[in-house]
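> coords please:
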Amino acid sequence: MHKIELRRRPIGALSRLLPPEQAASFEAAATKAAQELGGRVIWNVSSTATGGGVAEMLHNLLGYFLDAGVETRWLVIDADEQFFATTKHLHNAIHGLGDGDFTKKDHKHYDKVMARNPVQDLVGRDDIVLLHDPQTAGLVEPIGSKGASVAWRSHIGLDTRTVASTRAWEFLRPYVEPADALVFSRRQYVPSWADDRKLWLIPPSIDPLSAKNRELSPAECRAVLADTGLPLDERLVVQVSRWDRLKDMPGVMEGFRRADPPADVHLVLAGPAVAGVTDDPEGAEVFAECQAARAGLPEQIRDRVHLASIPMDDTERNAMIINALQRQAAVIVQKSLAEGFGLTVTEAMWKGKPVIASAVGGIRDQIHSERTGLLVSSPADLDEFADVLRRLLYDDILAARMGLAAHERVRELYLDDRQLTRSASLFEALTPLLAR
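Okay, here's the model as predicted:
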């Protein structure tokens, strides 16, 4: 395991973007957290520091905790390909994919990797540890046995249970059940065996001041994207996501074809360079599938479909490219088959863009269809997706109205002030447990 360096992020700068009453509540929560948590260390443990929404969120959110005066540290576990293959299997099964069949060998190797990451040796008795997602679940008991308070957070889930998801949660149950708190993004994701007395619901959020979300002028956007080879003088339909089968990029391409878009409209599917995402062993395979799907499109459509692999060696540059690409877009889509929350939707809404997204998971919390975006009721229905896309491409007034409403919804509910306030309440609630 290794430590991630954190940088302070100024609470005052974020506060100035909020309505007065919301800003006052945020600043009061930050002051209270510093008082209540003084002398304790808040640890976060995850599987990667790059390449996903959770990692990006932690960089920003923990910086605000530091500025509030709360001592905060972040560790990333070390693991091998076999471990990440198992946890990817867990990730897919929780979303209802695959059979969810895990062997004794899977459990044994998972336990072996957890033992190679003795976080408990660094954590003090008065500390609080927040573990993120299935990759860290096996650390709950070792850390708790040293007297620290432990919360486990799942950023993923499925609205309805399947055989695969039930098996995945049964794999995780003995690891996470002893935690002092269980944190989920939505109530629907909570497994039936979870103790309601330990339950916290905390939706994720975005930092509007980060490189990915800060304001960029049209000229700045074009400068950032100048060497990408993308058709910046055309209207762009954009989806930003990992190269993951749950994001259904082949379905986006086929739906784009069925929409028969005007000749000045191009589709951009953008994701991280697959070598830069260490905890997702399927990325390269899915990217190759997307290349094959693009090659199978009719030539007149294929020439207007672009697969953008965004470098991961410079996280600031990566974030700026995504920011510029989203701001350059005429329409942003997220046609996921399943989605824990969908921070790419939040990002697009914050930028005032009209969004078309599947009515799954946390996307349904963010988008009120016909008001703050348009929802595709059945993610696998490509004709429905095509119809909705065609509608936005031909109605500029509707697109502009939805973009404005989307921006205000994110300001109210999904900026980092909300998550910091709720997380601080969680940590404060865990503090009395340290006197056990």
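
> my guess is residue 39 contacts residue 127, does it?
No: using C-beta atoms under 8 Å, residue 39 makes no contact with residue 127, being 9.9 Å away. C-beta here means a position set from N, CA and C on the backbone, and glycine is covered the same way.

> With neighbour numbers in mind, choose between those two.
Using other C-beta atoms under 10 Å as the criterion, residue 39 and residue 127 rank with residue 127 on top: 21 against 8.

> Please list all residues in contact with that one.
The neighbourhood of residue 127, defined by C-beta atoms under 8 Å, 6 or more residues apart in numbering, consists of 40, 41, 42, 43, 148, 149.

> And it, what's its pLDDT?
Residue 127 is assigned 95 on the pLDDT scale.

> Torsion angles phi and psi at it?
When read as degrees, to the nearest 10, the backbone of residue 127 gives phi -90, psi 170.

> ok so, going back, between the contacts of residue 127, which is closest to residue 351?
Proximity of the contacts of residue 127 to residue 351 was ranked by C-beta to C-beta; the top entry is residue 42 with 30.6 Å.

> hey, where'd the helices end up in the stretch 151-300 of the chain?
In the stretch 151-300 of the chain, the segments counted as helices under DSSP state H, counting those that start in this stretch are 163-176, 218-225, 249-259, 283-295, 299-302.

> Check the stretch 1-150 of the chain too.
11-15, 20-37, 53-68, 81-94, 104-115, 140-145.

> Tell me who's in contact with the residue nearest to residue 106 when sequence neighbours are not counted.
Nearest residue to residue 106 in three dimensions, chain neighbours excluded: residue 86, at 4.9 Å (C-beta to C-beta, 6 or more residues apart in numbering). Contacts of residue 86 were listed using C-beta under 8 Å, 6+ apart, and they are 102, 106, 109, 110.

> Tally up the residues packed near residue 158, please.
Neighbour tally, residue 158, other C-beta under 10 Å: 23.

> With the one 5 residues further on instead?
Summarising burial for residue 163: neighbours were counted as other C-beta under 10 Å, giving 13.

> residues near residue 41, how many?
If we define neighbours as other C-beta under 10 Å, then residue 41 has 17 of them.

> low-scoring pLDDT stretches of the stretch 301-436 of the chain, where are they?
433-436 (pLDDT under 70).

> Would you map the strands across it?
305-310, 331-334, 355-358, 374-376 (DSSP state E, counting those that start in this stretch).

> could you dump the ones you listed to JSON lines with mean neighbour count and distance to residue 324?
Below are the strands of the stretch 301-436 of the chain laid out as JSON lines (neighbours: other C-beta atoms under 10 Å; distance: least, C-beta to C-beta, whole Å):
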{"stretch": "strand 305-310", "mean neighbour count": "18", "distance to residue 324": "11"}
{"stretch": "strand 331-334", "mean neighbour count": "28", "distance to residue 324": "13"}
{"stretch": "strand 355-358", "mean neighbour count": "29", "distance to residue 324": "17"}
{"stretch": "strand 374-376", "mean neighbour count": "24", "distance to residue 324": "24"}
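
> Output these as TSV; include the columns distance to residue 169.
Listed next are the strands of the stretch 301-436 of the chain as TSV, based on distance: least, C-beta to C-beta, whole Å:
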stretch	distance to residue 169
strand 305-310	33
strand 331-334	25
strand 355-358	23
strand 374-376	27
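
> Those: which one's closest to residue 414?
strand 355-358 (13.0 Å).

> What is the distance between the lengthiest strand in the chain and the centre of its chain?
Secondary structure of the chain per DSSP state E: the longest strand is strand 265-272. Here strand 265-272 is found 18 Å from its chain centre; the criterion is C-alpha atoms, centre = their mean, to the nearest Å.

> Who are the contact partners of the residue lying closest to residue 357 once chain neighbours are set aside?
Taking C-beta to C-beta, 6+ apart, and ignoring the residues beside it in sequence, residue 357 has residue 334 as its nearest neighbour in space, at 4.2 Å. Applying C-beta under 8 Å, 6+ apart to residue 334 gives the contacts 239, 241, 247, 342, 344, 345, 348, 355, 356, 357, 358, 363.

> Break this structure down into its structural domains.
2-205+415-435, 218-413 (automatic domain parsing).

> so which of the ones you listed comes closest to residue 212?
domain 218-413 (3.9 Å).

> Show me how far that closest one is from its chain's centre.
15 Å.

> I figured residue 420 hits residue 29, correct?
Yes: with contact defined as C-beta under 8 Å, residue 420 reaches residue 29; the gap is 6.9 Å.

> who has more neighbours, those two?
residue 420 (24 against 21).

> neighbours around the residue nearest to the more buried one when sequence neighbours are not counted, how many?
Once flanking residues are discounted, residue 420 sits nearest to residue 64: 5.4 Å by C-beta to C-beta, 6+ apart. Neighbour count for residue 64, taken as other C-beta under 10 Å: 25.

> shouldn't residue 64 be in contact with residue 9?
Yes: because the distance of 5.0 Å satisfies C-beta under 8 Å, residue 64 is recorded as touching residue 9.

> who touches both of these two?
Joint contacts of residue 64 and residue 9 (C-beta under 8 Å, 6+ apart) are residue 207.

> show me the contacts for residue 175.
Residue 175 neighbours (C-beta under 8 Å, 6+ apart): 137, 138, 140, 141.

> and the first one, how far is that from residue 110?
Right, the one you point to is residue 137. Distance check for residue 137 against residue 110: by C-beta to C-beta, to the nearest Å, it reads 9 Å.

> And residue 38, what's its pLDDT?
86.

> Please read the previous query as pertaining to residue 273.
Residue 273 is given a pLDDT of 88.
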